[in-house]
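**Student:** Structure of the sequence below:
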Amino acid sequence: MLMDNKRKLPNSTRGWVLRGILLLSDIILINFSYFIAIILRFSDSDSLHNQGVHFLRMFIKFAPWYTIFCIVIFILFRMYSSVWKYAGFNDLKNLATVSLLTCVVYILGSLFIVGRMPISVYILGALIQFVLIGLPRIAPRYIIEMLGEIRSGRVETKVPMMIVGLGENARIIQGRITRDKANIVNPVCIVDHAYGYKGNTFNGLPVYTGLDAVKECIDKYDIKCAIIANSNMPDDFIDGVRTICKDKGVELRDFVFGTEYRSLDVRLRELLSKTNGKVCVIEKGVEDRHYDDVKAALQSLKDNYVVDSISSRGDELVINVDSRGAASGSVNDDWIRMYREETGEDISFF
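**Tutor:** The predicted model follows:
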């Protein structure tokens, strides 16, 4: 236990040192941004001597106040507690929000404390500050990834892969494959069941829709493997994708991470796909349905039933089902929406 505490202490100290360096860097850069903005605004020697010097004095007088305002805002927006090594879109969005807010603070603060500055100074200062504050936070991630690729001698991936289903899972899969230095596959396209996405791009990949598009993409891109990234697509679409991939010799895998909520219920169609022989499906309030084989049951049962219990009766498999699973999707969507609105982040279990 003592050894574990000793190991954790250096990491904790290192974290605080890095935060301190970042804080000092911010203090220098936020003031340097508006200093450069004034210099650029009054770039020729005459205007700098006649007007620029006056605004530089105003800048120096307001700098301590602005520094305090900025540091308070940065702390409130957790700019020193984010894991910038894995910075993503939400971190960039947060950075843009902070930059916009500090710009408003600079405008209002300067008006009340030292007086009005040129509009161009406000605009240039905010833009320069956004870039200078963002670089120390965002750039290291991409520099580390680039150096890692150079050191590993990474070669271009050669096995084209198709992602089936749009959503957060598709983005995560694409990102993980890109970062995996040993991976030999390369996502080249995405196919989804919703025709509204047709012709769009998703994270740089072309989007195709419908079962016909699955065949088209396999032939067009010489697809060797595919991954199902969305479990909420219609069962008949997923079954169709499986059939096409099997006929064309494409390796198909389910790779749903769980970025959408999924219950532990057993779905009827999943159970039937692993079953042979006669089947009897029993649902409360509905006449018992008897099928001579599983294929007939799969063709007849279109709803997303949940299995309550399983038993046997002679040579027949008896399955008690509940149709509550059909309504759970909307509840899950509401839960996901509320989570994103409250936190501003996508759901992830990693």
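**Student:** rest of the way, CA atoms for contacts and neighbours
**Tutor:** OK.
**Student:** just the helices in the stretch 51-200 of the chain please.
**Tutor:** 53-76, 89-113, 119-152, 168-179 (DSSP state H, counting those that start in this stretch).
**Student:** which residues does P206 bridge with?
**Tutor:** Applying DSSP bridges to P206 gives these bridge partners: T201.
**Student:** What separation do you get for it and M58?
**Tutor:** Remark: distance between P206 and M58 (Cα to Cα, to the nearest Å) = 52 Å.
**Student:** quick one: contacts for R19?
**Tutor:** Y80, S81 (Cα atoms under 8 Å, 6 or more residues apart in numbering).
**Student:** mind checking pLDDT for V104?
**Tutor:** We have a pLDDT of 93 for V104.
**Student:** before we move on, the earlier item: so which of the helices of the stretch 51-200 of the chain gets nearest A226?
**Tutor:** Among these, the nearest to A226 by Cα to Cα is helix 168-179 (11.5 Å).
**Student:** Among the helices of the stretch 51-200 of the chain, which comes closest to I319?
**Tutor:** With Cα to Cα, the closest approach to I319 among these belongs to helix 168-179: 31.9 Å.
**Student:** tell me which residues of the closest one are tucked away?
**Tutor:** E168, N169, A170, I172, I173, Q174, I177, T178 (16 or more other Cα atoms under 10 Å).
**Student:** other SSEs contacting it?
**Tutor:** For helix 168-179, the helices and strands in contact under the criterion 3 or more Cα pairs under 8 Å, 6 or more residues apart in numbering; DSSP states H and E are strand 185-192.
**Student:** that older thread, adding distance to V188, write the helices of the stretch 51-200 of the chain out as a markdown table.
**Tutor:** Formatted as a markdown table, the helices of the stretch 51-200 of the chain follow (distance: least, Cα to Cα, whole Å):
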| stretch | distance to V188 |
| --- | --- |
| helix 53-76 | 39 |
| helix 89-113 | 22 |
| helix 119-152 | 20 |
| helix 168-179 | 10 |
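**Student:** nearest to G249, of the ones you listed?
**Tutor:** Short answer: helix 168-179, nearest of the helices of the stretch 51-200 of the chain by Cα to Cα, at 21.9 Å.
**Student:** and the angle for the closest one with strand 185-192?
**Tutor:** Counting by axes from the mean of the first three to the mean of the last three Cα atoms, to 10 degrees, helix 168-179 lies at 160 degrees to strand 185-192.
**Student:** out of the helices of the stretch 51-200 of the chain, nearest to N230?
**Tutor:** Closest among the helices of the stretch 51-200 of the chain, using Cα to Cα: helix 168-179, at 6.8 Å.
**Student:** Show me how far that closest one is from its chain's centre.
**Tutor:** 9 Å (Cα atoms, centre = their mean, to the nearest Å).
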